[in-house]
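J.: Turn this into a model:
(one chain, ligands or ions: 1)
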Amino acid sequence: MKRRNFLKRSSLAGLGIAMGSSLTNCTEKEETKKAPTNTKSLSLPLVIGTWNVKRAITTAWETLQNGGSALDAIEQGCMIEEADENNQTVGKGGLPDRDGNVTLDACIMDSNGNCGSVVYLKNITHAISVARKVMEDTPHVMLAGSGAEKFAYSIGFKKEDLLTEASKKAWEEWKIKSEYKPIINIENHDTIGMLAMDKDGNIVGGCTTSGLAYKMAGRVGDSPIIGSGLYVDNEVGAAVATGLGEEVVKTVGSFLIVELMRQGKSPQEACEEAVNRIVSKPNSKYKDFQVAYIAVNKKGETGYYAIHDGFSMTKYQDGKLENLVSDSYIKPPQK
Ligand code: SD4
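T.: Residues are numbered from 1 along each chain as shown. All right, here's what the predicted structure looks like:
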């Protein structure tokens, strides 16, 4: 289903802020299964990711199976989406800001509580790999803009033009009206957030995005902000977000979920509570935007929840790859 058709169908289409653009593969969508709201504890390792990202999750899973670390699994998995030019919300081919610049945000966090992040990174496809290098090779957590880019070149990353013909065309079409209301993304592909647990139960997470399409120059979302877009506490669990970053940042969503799990909530309950925090704020415009979370706890239980219908989580556990349709605060219209 093409985005245009999707929009025609969607009662949300006219409403509000958009979450980038992506194409939905109908066949894949038809294959998705409605999952129970909570998943039971199963064996390790496991990998989960936001949206329908089977290829990325499979790559991460295989990395673990082949003896790679959870950190390698996360990096390799995220790199699949970053390199996919058809995915217009991550890495190469991402939709640009309103000035035509593709700027990437990414972060990674390991099971020792180390983390690395890049914000407003231009000209380099694999933002997740640069984030990993910030974590491993610098005394810092976060590098921004030209500093991040300069660091990446200094360690061998190559300069690339990230604006593909398709994204350039979409931007040029957008410029005609320049209306800053891209679309609530309730399709099956977007910013990738990924959590992996190795066979010993050690957790690593990553998140990578080109952020909101046609954002203001300089805008940074939640995805590279440790605690908002991603948080890992190896004693407790981990969470990662997708959706309108501003709302995630305002509630420090991923950290909140981990802390709720620490207090005894299941990953599912914690994701629901974090969404509730957003929708229950005074004058919340939650009908106009999407936010979704996925989470895992130390027992290998997973949870996922969104404001709007249409979100899904991809999971590889127990040798089984599944795309699981998420429950949502706003229920889908009854057919
Ligand atoms: C952002 N959270 O930059 C990202 C975008 C996203 O689904 O996740 N879109 O706000």
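J.: Provide a list of residues in contact with T191.
T.: Contacts here follow CB atoms under 8 Å, 6 or more residues apart in numbering; on that basis T191 touches M19, G20, T50, W51, T89, V90, C207, T208, T209, G211, S223, T242. Glycine gets a C-beta too; all of them are placed from N, C-alpha and C.
J.: so the residue nearest to it when sequence neighbours are not counted bridges to which residues?
T.: Nearest residue to T191, sequence neighbours excluded (CB to CB, 6 or more residues apart in numbering): T209, at 3.7 Å. On the basis of DSSP bridges, T209 takes part in beta bridges with D105.
J.: From the rest of the structure, what touches stretch 62-76?
T.: Under CB under 8 Å, 6+ apart, the answer for stretch 62-76 is 45, 47, 59-61, 77, 108, 110-111, 128-129, 132, 194-199, 202-206.
J.: Buried by neighbour count, from those residues: which ones?
T.: For those, a burial check counting by 16 or more other CB atoms under 10 Å picks out 45, 47, 59-61, 77, 108, 110-111, 128-129, 132, 194-198, 202-206.
J.: These in strands, which ones?
T.: Those of these mapping onto strands are V47, I108, M194, L195, A196, M197, I203, V204, G205, G206, per DSSP state E.
J.: The ligand contacts on this structure?
T.: The chain comes close to the ligand at residues 19-20, 89, 185, 190-191, 209, 211-212, 221-223, 242-245, as judged by CB under 6 Å from any ligand atom.
J.: Please pick the buried ones from the residues you listed.
T.: For the residues of the chain next to the ligand, a burial check counting by 16+ other CB under 10 Å picks out 19-20, 89, 185, 190-191, 209, 211-212, 221-223, 242-245.
J.: Just the ones in helices from the residues you listed, please.
T.: Filtering these for membership in helices, criterion DSSP state H, returns G245.
J.: From the buried ones among the residues of the chain next to the ligand, which land in strands?
T.: T209, T242, G243.
J.: For the ligand, state which of those is nearest.
T.: T242 (3.8 Å; CB to the nearest ligand atom).
J.: where does this protein dip in pLDDT?
T.: Of all residues in the chain, those with pLDDT under 70 make up the ranges 1-42, 181-189.
J.: Strands along that one, start to end?
T.: For the chain, applying DSSP E gives strands covering 33-34, 46-50, 104-109, 115-121, 142-144, 192-197, 203-209, 230-233, 237-243, 291-297, 302-306, 312-317, 320-325, 327-328.
J.: Return the alpha-carbon coordinates of the third one using PDB.
T.: Presented in PDB, the C-alpha positions along strand 104-109 are these (Å, rounded to 0.1, in the frame of the first residue of the first chain):
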ATOM      1  CA  LEU A 104      20.800  11.700  11.500                       C
ATOM      2  CA  ASP A 105      20.400  11.000  15.200                       C
ATOM      3  CA  ALA A 106      21.500   7.700  16.800                       C
ATOM      4  CA  CYS A 107      22.600   6.200  20.100                       C
ATOM      5  CA  ILE A 108      23.800   3.000  21.600                       C
ATOM      6  CA  MET A 109      24.000   1.800  25.200                       C
END
